[in-house]
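**Q** Okay, predicted coordinates and the sequence, questions at the end:
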Amino acid sequence: MALVKVNDFYPTYNEEYSDLDYVENFDVYAEGREKVGTVSDILVDEDTGRLRYLVVDTGFWIFGKKVLLPIGRARVDYEDKEVYASGLTKEQVENLPNFDELEKVDYDYEEQVHGIYRPMTATSGMTQSTTDYDRSTYNYEQEPSLYDVDEQDNQTLKLYEERLVANKQRRKAGEVSIGKHVETETARVAVPVEKERVVIERTNPSSTTTSNPTGACT
């Protein structure tokens with residue numbers, strides 16, 4: 001259940017789907033319209049592309065730390081650019097573990113986050129979270145009250161998620177490997193050889209003439 005930031009998962013998402021409002025920098029309000037921070041990022045499931053958390057930067061309100069808000073507990077008002085954290089109080093935000101780096105978000109960290117939000121789902125009459133799991137069997141689908149995006153109240157956010165999921169499936173549908181295989185083959189080839197020969201022949205003259213014959217006058 002590895003989590004990644006949405007821009008790392010799909011770097012060109014906002015360019016391709018500019019018709020959707022991006023919730024980054026939306027103000028976040030707890031119960032009683034008490035402002036607790038702003039959205040600084042979104043975390044998605046690397047395996048499925050599903051939205052999992054909004055990263056809330058509390059700024060100067062609560063010691064400047066960042067906390068995680070499960071996507072199923074968020075109600076987004078795109079017109080006013082606000083996020084309402086259902087049933088959350090400022091005191092509970094103070095008790096949430098600080099979010100620093102993704103490598104620290106493991107099963108134990110998320111269980112601390114779940115411990116803050118699960119009592120809210122019980123008192124609000126939502127589907128109770130199952131406790132029949134451990135670190136090797138837990139998955140987000142076991143807690144729809146925390147991680148399901150409500151299509152009626154969050155239609156734009158639901159569409160945002162569906163397109164991320166569709167993109168993930170398109171990217172992981174298959175892989176093609178392209179390589180080069182070189183084979184060496186030994187062969188014998190007949191090559192014609194041209195030879196040149198120099199022939200020298202010696203011939204004897206058939207008659208001889210003396211330049212100063214005997215008895216000649218001088």
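**A** Received, thanks.

**Q** contacts, neighbours, all on C-alpha from now
**A** Noted.

**Q** Run a quick neighbour tally on Gly32.
**A** 11 (other C-alpha atoms under 10 Å).

**Q** With Glu34 instead?
**A** 13.

**Q** for the chain, what spans make up the strands?
**A** Ranges of strands in the chain, per DSSP state E, are 3-5, 27-30, 34-45, 51-57, 66-70, 74-77, 82-85.

**Q** Pick out the residue nearest the middle of the chain.
**A** Phe9 (3.9 Å; C-alpha atoms, centre = their mean).

**Q** residues contacting the closest residue in space to it that isn't next to it in sequence?
**A** The shortest distance from Phe9 to any non-neighbouring residue, by C-alpha to C-alpha, 6 or more residues apart in numbering, is to Glu46 (7.0 Å). Residues in contact with Glu46 (C-alpha atoms under 8 Å, 6 or more residues apart in numbering) are 1-4, 9.

**Q** Quick check, pLDDT for Glu46.
**A** Here the pLDDT value assigned to Glu46 is 90.

**Q** what about it, distance to Leu68?
**A** According to C-alpha to C-alpha, to the nearest Å, Glu46 stands 17 Å off from Leu68.

**Q** do Asp134 as well
**A** Taking C-alpha to C-alpha, one finds Asp134 at 21 Å from Leu68.

**Q** With neighbour numbers in mind, choose between those two.
**A** Shown here are Asp134 and Leu68; by other C-alpha under 10 Å, Leu68 has more neighbours (22 against 9).

**Q** ok, and the closest non-adjacent residue to that one?
**A** Nearest to Leu68 is Val55, by C-alpha to C-alpha, 6+ apart, at 4.9 Å.

**Q** cool, Gln112 as well?
**A** Pro97 (6.8 Å).

**Q** who touches the one you found in this structure?
**A** Contacts of Pro97 by C-alpha under 8 Å, 6+ apart are 67, 109, 112-113.

**Q** out of those, who has the most neighbours?
**A** Result: Val67 is most packed of the contacts of Pro97 (other C-alpha under 10 Å), 23 neighbours.

**Q** Within its local environment, how many residues does the nearest residue to Val23 once chain neighbours are set aside see?
**A** Residue nearest to Val23 in three dimensions, not counting chain neighbours: Val39, with 6.8 Å by C-alpha to C-alpha, 6+ apart. Using other C-alpha under 10 Å, Val39 has 22 other residues around it.
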